[in-house]
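> When you get a sec, could you give me coordinates for this:
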Amino acid sequence: MSNQSVQTVSTSGDKLKVVLAVVAAIAGVVGFFYLAGQPTLVRAAALVVGLLISVGIAYTSTSGRDFINFSKEAVRETKKVVWPTRKEATQITLTVFAFVVVMAMFLWGTDKLLEFLLYDLILGWKN
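The predicted structure is shown next:
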């Protein structure tokens, strides 16, 4: 038996809900800029209301609920991450910095060596 999940095909109703959600979000942003002469609180309210309506409509669609579930899973996975201590993060940062300095010196030296070989020895052009 297969462990792969079955992918469902979105209905036209779900597609319409997603389109309406996008339109509501755009309407909130347009309302924010259209109300430029109004107080900031009114402008922010127009933006927030548009986004909340958009989220509400999107949540009623299958793809919206799938996105919410994906977001919840992502948050749950980030809680499982073992973050480095301050000392470990400092050591890693210093190691990376030292490596970058060594590589920069190596590349500079290689560039100067090739410059000397090509321009001074092979072509005879003196700097």
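
> make it CA atoms for all contacts and neighbour counts henceforth
OK.

> give me every residue that touches the nearest residue to G50 once chain neighbours are set aside.
Leaving out its chain neighbours, the residue that sits closest to G50 by CA to CA, 6 or more residues apart in numbering is G28, at 3.9 Å. Neighbouring residues of G28 by CA atoms under 8 Å, 6 or more residues apart in numbering: A46, L47, V48, V49, G50, L51.

> which regions of the protein sit below the pLDDT cut-off?
Applying pLDDT under 70 to the chain picks out residues 1-10, 126-127.

> Helices along that one, start to end?
12-34, 40-59, 62-80, 86-115 (DSSP state H).

> JSON lines please, covering the contacts of G28 and showing neighbour count and distance to F67.
Shown next, in JSON lines, are those (neighbours: other CA atoms under 10 Å; distance: CA to CA, whole Å):
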{"residue": "A46", "neighbour count": "21", "distance to F67": "24"}
{"residue": "L47", "neighbour count": "21", "distance to F67": "22"}
{"residue": "V48", "neighbour count": "16", "distance to F67": "20"}
{"residue": "V49", "neighbour count": "17", "distance to F67": "20"}
{"residue": "G50", "neighbour count": "24", "distance to F67": "19"}
{"residue": "L51", "neighbour count": "21", "distance to F67": "16"}
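
> Now the residues you listed in JSON lines, please, with extra columns for distance to V96.
JSON lines is the format used below for the contacts of G28 (distance: CA to CA, whole Å):
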{"residue": "A46", "distance to V96": "46"}
{"residue": "L47", "distance to V96": "43"}
{"residue": "V48", "distance to V96": "42"}
{"residue": "V49", "distance to V96": "46"}
{"residue": "G50", "distance to V96": "45"}
{"residue": "L51", "distance to V96": "42"}
